[in-house]
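Novice: below are the sequence and a predicted model for it; my questions follow.
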Amino acid sequence: MSALTECAEWRSLLSHAEDGRTIHLRDLLKDTERSSSLIRSFDGITVDLSRQRATSETLSLLLNLADATGVQRMMGLMQNGSKTLNPTENRAVLHTALRAPKNADPILVDDRNVLLDVHEVLGSISTFSEKVRSGEHKGATGCSLTNVVSIGIGGSYLGVEYVYEALRKDPTAARTSNGRRLRFLANVDPVDVARALEGLSPETTLVLIVSKTFTTAETMLNAKTVRDWLIKGIPSESEANVVSKHMAAISTAVPLVTAFGISRENIFGFWDWVGGRYSVCSAVGMVPLALHYSFEVANEVLKGAHSIDTHFFNTPLKDNLPVLLGLFGVWNATFLGYSSRALLPYSQALLRLPAHIQQVSMESNGKRVNVDGLKVPFQTGEIEFGEPGTNGQHSFYQLLHQGRVVPCDFVGFCESQQPIHLPGEPVSNHDELMSNFFAQPDALALGRTAEEVLAAGGTPLSLVEHKVFEGNRPSSSILLGKLNAYTTGQLLALFEHRTAVEGWVWGIASFDQWGVELGKKLAGDVRSEIKQKRGEALSSSSSSSTNTITINERFNFSTRMLLEKYLSYKV
């Protein structure tokens, strides 16, 4: 790893960051030529980076670092399906293939053109979704299946929920989903089961189980719980008929799925070169979205994502939107030392975008070693959080303006999905929203001095410092035309590729996720203990001394105390 931190490009940026600490965005933004040089556009998206704490020289140095770390080469490896992109799992990274046209240049993995497989599955999804939506595929009692419950966790639902919420009030998508309901069940907490099933009838509900291996503990327990709900809710039909008509799966584990009772024709596959957090464009997302909004609407998401893929792979780095966002992410996190980043969509429809990108970014780039297994001598990844504006302004923006420095990404749209302009009001509701979208980045960048507070008048000297804003807080602004299926796909791909670029510069393996394994293993140990103790509680022959020894051997003191308290609670 020392080779990276000792290379000339890295050292130049360290020195440049130190030299620029006294420069304020108030001064940088006065330079219109410099500001103009930090604005880029592509296919209806404008990205304004002028409020980054950066000069034209900063950008040049970042591009030099991208060259030195082989970003362009890594992009080519991704595009061509090389397994070196995910070396710890020996897998290709090809979520971009999921949205490539059928007639695109072949992408070979193990000598097979994966586009053939992708479009075969898409064809099956189109056929199945149309049969369900038209009523040709009915439930066990002959009712149309108008409700869908998608069971999955993490990457098996967060991105899909982002798209679902983004399109709920889009006029086209709302029309195609009229009379239908889509729910997500992720948490193993039984309260989430109750919320997902509330108000639904088993006779009109289709259940999707999303699990690549069909072994994920939370997902499988939820799947069994909902299967039980279906069988008990339709007692007039055989269990086999209920499951075959009311359940489908997105999985690669066909034998396990069919053993569960799901018909082979209701299984939709994907591949090991699709990471969970990058699986929205696979059957993981396309099946529930096509069922709810129609295959045509879901396909527009693919087209939007493919637009950004094409731009990403074919545009020079200096004009490449995801590359520039990624390079400035590295600049802020590594060279300026900002550990957090906020994603602030000025659209209520994007309420789940921050949660999805939080997973994409933090699960990808939260790594302590590089691709060679050597400890990284700097922090990687950012702590991601966010909330739609203007709600966030009345929540955590106090910290953004006068507390810690947190680089922000603002996302806004020129046109609302649901425009309202009340008679007598000077501006429309969307104009009011967007007034804040344009004002907040300037407030963060420019701030307000004590002299400006005093010049405005009306402030006692004792309150002046309370009203001072230091400013110099970096942000990016991303402006699009209107939120629809196409632009939803564009945003998805934009942030996916930004994450990849950051990881390539840092030299880490962004596409594995070993960090989630330890907690799952320890949860399995606790699960076994709970299972044993629950069983012993029903048996008078159990030995309390044996129980105590087992717990003492397996768990540390604090865990033992809490576990014993939990097991002693009468339920």
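Specialist: Right, received. Where do you want to start?

Novice: quick one: the strands in the stretch 51-200 of the chain, in order.
Specialist: For the stretch 51-200 of the chain, the strands defined by DSSP state E, counting those that start in this stretch cover 108-109, 112-113, 147-151, 181-185.

Novice: what's the most buried one of the ones you listed?
Specialist: Each of the strands of the stretch 51-200 of the chain was scored by mean neighbour count; the highest is strand 147-151, a mean of 26, by mean count of other C-beta atoms under 10 Å. For every residue, glycine as well, the C-beta is placed using N, CA and C.

Novice: chain neighbours aside, what residue packs nearest to Ala493?
Specialist: Ile308 (3.7 Å; C-beta to C-beta, 6 or more residues apart in numbering).

Novice: out of the strands of the stretch 51-200 of the chain, flag the one nearest Ser50.
Specialist: Between Ser50 and these, the shortest gap by C-beta to C-beta is with strand 181-185, which sits at 38.1 Å.

Novice: alpha carbons of the closest one, as PDB, please.
Specialist: The C-alpha trace of strand 181-185 is given here as PDB (Å, rounded to 0.1, in the frame of the first residue of the first chain):
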ATOM      1  CA  ARG A 181     -50.000  -2.900  -3.900                       C
ATOM      2  CA  LEU A 182     -46.300  -3.700  -3.400                       C
ATOM      3  CA  ARG A 183     -45.000  -4.300   0.100                       C
ATOM      4  CA  PHE A 184     -41.400  -5.200   1.300                       C
ATOM      5  CA  LEU A 185     -40.600  -7.500   4.200                       C
END
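
Novice: one step back: make TSV out of the strands of the stretch 51-200 of the chain and add distance to Lys467 and mean pLDDT.
Specialist: Below are those laid out as TSV (distance: least, C-beta to C-beta, whole Å; pLDDT from 0 to 100):
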stretch	distance to Lys467	mean pLDDT
strand 108-109	59	95
strand 112-113	63	96
strand 147-151	49	98
strand 181-185	44	98
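
Novice: nearest to Ile209, out of these?
Specialist: strand 147-151 (5.1 Å).

Novice: give the pairing partners of that closest one; include direction for each.
Specialist: strand 181-185 (parallel), strand 205-210 (parallel) (DSSP bridges).

Novice: then Ile478 would be within a strand, right?
Specialist: Yes - if the criterion is DSSP: H, G, I helix; E, B strand; the rest coil, then Ile478 is within a strand.

Novice: wait, it sits on Val47?
Specialist: Yes - the criterion here is C-beta atoms under 8 Å, and Ile478 meets it with Val47 at 5.4 Å.

Novice: now stretch 225-239: mean pLDDT?
Specialist: Average pLDDT, stretch 225-239: 96.

Novice: can you give me how far it is from the chain middle?
Specialist: A distance of 34 Å separates the centroid of the chain from that of stretch 225-239, by C-alpha atoms, centre = their mean, to the nearest Å.

Novice: how far does stretch 76-95 sit from the chain's center?
Specialist: 20 Å.

Novice: show the end-to-end separation of that stretch, please.
Specialist: 14 Å (C-alpha to C-alpha, to the nearest Å).

Novice: list the buried residues of that stretch.
Specialist: Judged by neighbour count (16 or more other C-beta atoms under 10 Å), stretch 76-95 contains these buried residues: 77-79, 81-82, 85-86, 89, 91-95.

Novice: can I get those in JSON lines including pLDDT and distance to Thr205?
Specialist: Shown next, in JSON lines, are the buried residues of stretch 76-95 (pLDDT from 0 to 100; distance: C-beta to C-beta, whole Å):
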{"residue": "Leu77", "pLDDT": "97", "distance to Thr205": "43"}
{"residue": "Met78", "pLDDT": "97", "distance to Thr205": "39"}
{"residue": "Gln79", "pLDDT": "96", "distance to Thr205": "40"}
{"residue": "Gly81", "pLDDT": "95", "distance to Thr205": "38"}
{"residue": "Ser82", "pLDDT": "95", "distance to Thr205": "42"}
{"residue": "Leu85", "pLDDT": "95", "distance to Thr205": "39"}
{"residue": "Asn86", "pLDDT": "96", "distance to Thr205": "37"}
{"residue": "Glu89", "pLDDT": "94", "distance to Thr205": "36"}
{"residue": "Arg91", "pLDDT": "96", "distance to Thr205": "35"}
{"residue": "Ala92", "pLDDT": "96", "distance to Thr205": "36"}
{"residue": "Val93", "pLDDT": "97", "distance to Thr205": "35"}
{"residue": "Leu94", "pLDDT": "97", "distance to Thr205": "33"}
{"residue": "His95", "pLDDT": "98", "distance to Thr205": "30"}
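
Novice: circling back: a markdown table for the strands paired with strand 147-151, including distance to Gln393?
Specialist: Below are the strands paired with strand 147-151 laid out as a markdown table (distance: least, C-beta to C-beta, whole Å):
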| stretch | distance to Gln393 |
| --- | --- |
| strand 181-185 | 28 |
| strand 205-210 | 35 |
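
Novice: among the ones you listed, which comes closest to Thr127?
Specialist: strand 205-210 (14.9 Å).

Novice: list the buried residues in the next helix-or-strand element following the closest one.
Specialist: Remark: after strand 205-210, the chain's next helix or strand is helix 217-233, criterion DSSP states H and E. Across helix 217-233, burial judged by 16+ other C-beta under 10 Å covers Glu218, Thr219, Met220, Asn222, Ala223, Val226, Arg227, Trp229, Leu230, Ile231.

Novice: out of the residues you listed, which is nearest to His466?
Specialist: Glu218 (46.8 Å).

Novice: I'd guessed the closest one sits against Val188; true?
Specialist: Yes - Glu218 lies in contact with Val188 (C-beta under 8 Å); the separation is 3.9 Å.

Novice: domain map for this protein?
Specialist: Annotated domains of the chain cover 2-68+315-416+430-512, 98-293, 515-568 [automatic domain parsing].

Novice: tabulate these (CSV), appending distance to Glu300.
Specialist: Listed next are these as CSV, based on distance: least, C-beta to C-beta, whole Å:
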stretch, distance to Glu300
domain 2-68+315-416+430-512, 4
domain 98-293, 9
domain 515-568, 32
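
Novice: mean pLDDT lowest where, among those domains?
Specialist: domain 515-568 has the lowest average pLDDT among the domains of the chain, namely a mean of 70.

Novice: what's the first-to-last distance across that one?
Specialist: Start-to-end span of domain 515-568 (C-alpha to C-alpha) is 32 Å.

Novice: and if you look at stretch 307-322?
Specialist: 12 Å.
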